[in-house]
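Peer 1: no sequence on hand, only this structure:
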């Protein structure tokens, strides 16, 4: 029996233990726990890392999407196009604004929004007497950027806002341009398993537009410009000082850890390439894929997963049920067209162990067992 986890946030902490402990202790001793210097400095440093003007820390990634969409004017009666093959958080955030998600199929090669399917949605919306489509939320899934060139072209022609879901793609690039800088706004999750992960829930919103940045800052704390006076209807979604301090430490190492993820993915590719029963991840041209997950495909996915579990190798399925087939969302409008690629992916994808502290020996063991069981 082996003991190889699919992911390991504890290993990420251990790798930076001394610096993280010092940073957390500094916050505890300061007596200032919300909206202080740690949050302010993290926002500046993260904005500089992304290459964007404004960043705002919030409580989690779902809130980040909700705040960004609301800042873009999305609300009750509107529709927002996104993918069905994503975490429930993407769809939930749209619904929390009062808008209705319109689900779009994915490109089967890259698991991100298919621009052709998006174009179908945009055209269908335009044919309505009053178009309700207000925004697009492309998801950069597994560390792979969506086709933002095509998506932005469609959005601009149709006058739609774009909010990027970057929860799984910290540091990923398309045409040497970092994800989060393509749309009107972008949302990040810093959940502990992410490439840049906190020690609890945390999230961020970024934009180059000062008016959108100001609107997001109002929304995230009760609509306050003046304390206790709400200029607009807001919410309570604040990044705390402890998580900001942890994120500042880990941000310094993000590029190195992303490079390690890329190296481990290449090693998997080499070891698994001989199998005709396994499909390794494909990378879109002109992309830096940062491998939040290393996702293979197999028509015998469930049997393969069971065989790996039996020998102590952790795996995960991201995601086992597309949003449109989940009980909570079966009543969503079906104007997005067939979601065939999303349904097939849900039956076949399997996330193998992937985190920067994973050893080459563990990768070799996983690959050997995959080949033996595929």
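Peer 2: Everything's here; your move. Note that the structure is predicted; figures quoted are calculated from it, not measured.
Peer 1: any idea how far residue 256 is from residue 357?
Peer 2: 12 Å (C-beta to C-beta, to the nearest Å). Where you see a C-beta, it was placed from the backbone N, CA and C, and this is true even at glycine.
Peer 1: more crowded one of these two?
Peer 2: residue 357 (14 against 10; other C-beta atoms under 10 Å).
Peer 1: roughly how far apart are the residue lying closest to the more buried one once chain neighbours are set aside and residue 45?
Peer 2: Once flanking residues are discounted, residue 357 sits nearest to residue 11: 3.9 Å by C-beta to C-beta, 6 or more residues apart in numbering. Using C-beta to C-beta, we find residue 11 at a distance of 23 Å from residue 45.
Peer 1: and those two? which has more neighbours close in?
Peer 2: It is residue 45, of residue 11 and residue 45, that has more neighbours when counted by other C-beta under 10 Å, with 16 against 13.
Peer 1: am I right that residue 309 falls within a strand?
Peer 2: No: using DSSP: H, G, I helix; E, B strand; the rest coil, the assignment for residue 309 is helix, not a strand.
Peer 1: and it, how far from residue 51?
Peer 2: 41 Å.
Peer 1: just residue 215 next, same as before
Peer 2: Distance, residue 215 to residue 51, by C-beta to C-beta: 21 Å.
Peer 1: neighbour count: these two, which is higher?
Peer 2: Taking other C-beta under 10 Å, residue 215 and residue 51 do not tie; residue 215 has more neighbours (22 against 13).
Peer 1: need the phi and psi values for the nearest residue to that one once chain neighbours are set aside.
Peer 2: Spatial nearest neighbour of residue 215, chain neighbours left out: residue 71 (4.1 Å); criterion: C-beta to C-beta, 6+ apart. For residue 71, the backbone dihedrals (degrees, to the nearest 10) come out as phi -60, psi -30.
Peer 1: assess the claim that residue 71 and residue 185 are in contact.
Peer 2: Yes: using C-beta atoms under 8 Å, residue 71 is in contact with residue 185, at 6.4 Å.
Peer 1: give the contact list for residue 293.
Peer 2: Residues near residue 293 by C-beta atoms under 8 Å, 6 or more residues apart in numbering: 142-143, 168, 316, 318, 351, 354.
Peer 1: which of those fall in helices?
Peer 2: Secondary structure defined by DSSP state H assigns none of these to helices.
Peer 1: what's the farthest-apart pair in the residues you listed?
Peer 2: 143 and 316 (14.3 Å; C-beta to C-beta).
Peer 1: who has more neighbours out of these two?
Peer 2: Counted by other C-beta under 10 Å, residue 143 and residue 316 do not tie: residue 143 has more neighbours, with 28 against 19.
Peer 1: pLDDT at that one, what is it?
Peer 2: With respect to pLDDT, residue 143 scores 98.
Peer 1: pull out the buried positions in whatever helix or strand the residue nearest to residue 357 lives in.
Peer 2: Here residue 11 sits within helix 9-15, counting by DSSP states H and E. Buried residues in helix 9-15, counted by 16 or more other C-beta atoms under 10 Å: 9, 12-13, 15.
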